[in-house]
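Here you go, sequence then predicted model.
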Amino acid sequence: MSATDLDAFLALLALTTQGQLPAEAAEVLTLPPQGPLNTHGPALCLTAQPRRGTNQSPIGALFASYPDWAATHPLAQANPHLTDILSRRALLVYGLAVDPQHRRQGIARALLAETENRSRALGYRMITLIHTPDLTAFYQNLGYTTARNVTIAMPDAAMGLTQPLPYMTAVKPLVPSVRVRHMPGAPGPVVSGLLPGWDLPVGARFVDGRLIS
């Protein structure tokens, strides 16, 4: 990625990330390309360029990597092995942006579809992202479940992901064994099957927002 493209990539992402883009993103983008799946080490960086014209600067951009909560959530901090597991099974899209003059042309949809295909090929089982409420219908039409509170079912525990207002979390399974369920008492949708053995047992329930298995 040239210096010009790097600046254009970051400028695009600044339109919609609301400060969510990791601070090291610019450094990651300067790494030599490392293959067709994860393009830059632990990160996936995709761009969309116009089909015609002499100006081939990016008009769409996407940055994805392992989710920050895989390391910062209290359950992960208490079990570093869990961070390694989650970072190889869940992918977080930190930023997705399209130039305002090129929106409503399917560019964002295409970038997300490419991300999902590459993630699935790498063995990821779920993709997630953070968005504002006005984009709820857009992501739901692409098969995402969106909510302010999302819970990941784990053996004998539950990992809650809660966004500060007004942000919401969107999740989408990449394999059939991962399911997003709505359960009575849960603060929001519940993801099960992220790893083998992470299914919800018969009789599992939520009481006061806590998983009882």
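Yes, it's here. Numbering: from 1, shown residues only.

Scan the chain for its longest helix.
helix 107-121 (DSSP state H).

which residues sit against that one?
Contacts with helix 107-121, where a contact means Cβ atoms under 8 Å, 6 or more residues apart in numbering, come from 36-38, 44, 46, 48, 59-62, 64, 91, 93, 96, 98, 127, 138, 142, 172, 174-175. For the C-beta atoms, the positions are set from N, CA and C on the backbone; glycine is no exception.

what is the rounded mean pLDDT of it?
The average pLDDT within helix 107-121 is 94.

Looking at the contacts of helix 107-121, which are in helices?
Using DSSP H, those in helices are residue 138.

among the contacts of helix 107-121, which ones are buried?
Neighbour counting over the contacts of helix 107-121 (16 or more other Cβ atoms under 10 Å) leaves 38, 44, 46, 48, 59-62, 64, 91, 93, 96, 98, 127, 172, 174 as the buried ones.

quick one: which of the residues you listed is nearest to residue 11?
Checking the buried ones among the contacts of helix 107-121 against residue 11 by Cβ to Cβ gives residue 61 as the nearest, at 8.7 Å.

for the closest one, which residues make a bridge with it?
residue 47, residue 97 (DSSP bridges).

Which per-residue confidence value corresponds to it?
Reading off the model, residue 61 has pLDDT 88.

Does it touch residue 93 like I think?
No: between residue 61 and residue 93 there is no contact under Cβ atoms under 8 Å: 11.0 Å.

Against residue 202, how distant is residue 83?
29 Å (Cβ to Cβ, to the nearest Å).

quick one, phi/psi of the spatially closest residue to residue 101 that is not a sequence neighbour?
Distances taken as Cβ to Cβ, 6 or more residues apart in numbering put residue 59 closest to residue 101, at 7.8 Å, once the chain neighbours are dropped. Main-chain dihedrals, residue 59, degrees, to the nearest 10: phi -110, psi 0.

ok, residue 59 to residue 115 distance?
17 Å.

By mean pLDDT, point me to the weakest helix or strand of this structure.
The helix or strand of the chain with the lowest confidence, counting by mean pLDDT, DSSP states H and E, is helix 3-13 at a mean of 75.

Name the residues of that helix that are buried.
Applying a neighbour-count criterion of 16+ other Cβ under 10 Å, one finds 5-6, 8-10, 12-13 buried in helix 3-13.

Please compute how far the helix or strand just after it lies from its chain's middle.
Going down the chain from helix 3-13, the next helix or strand is helix 25-29, by DSSP states H and E. Distance, stretch centre to chain centre, for helix 25-29: 18 Å (Cα atoms, centre = their mean, to the nearest Å).
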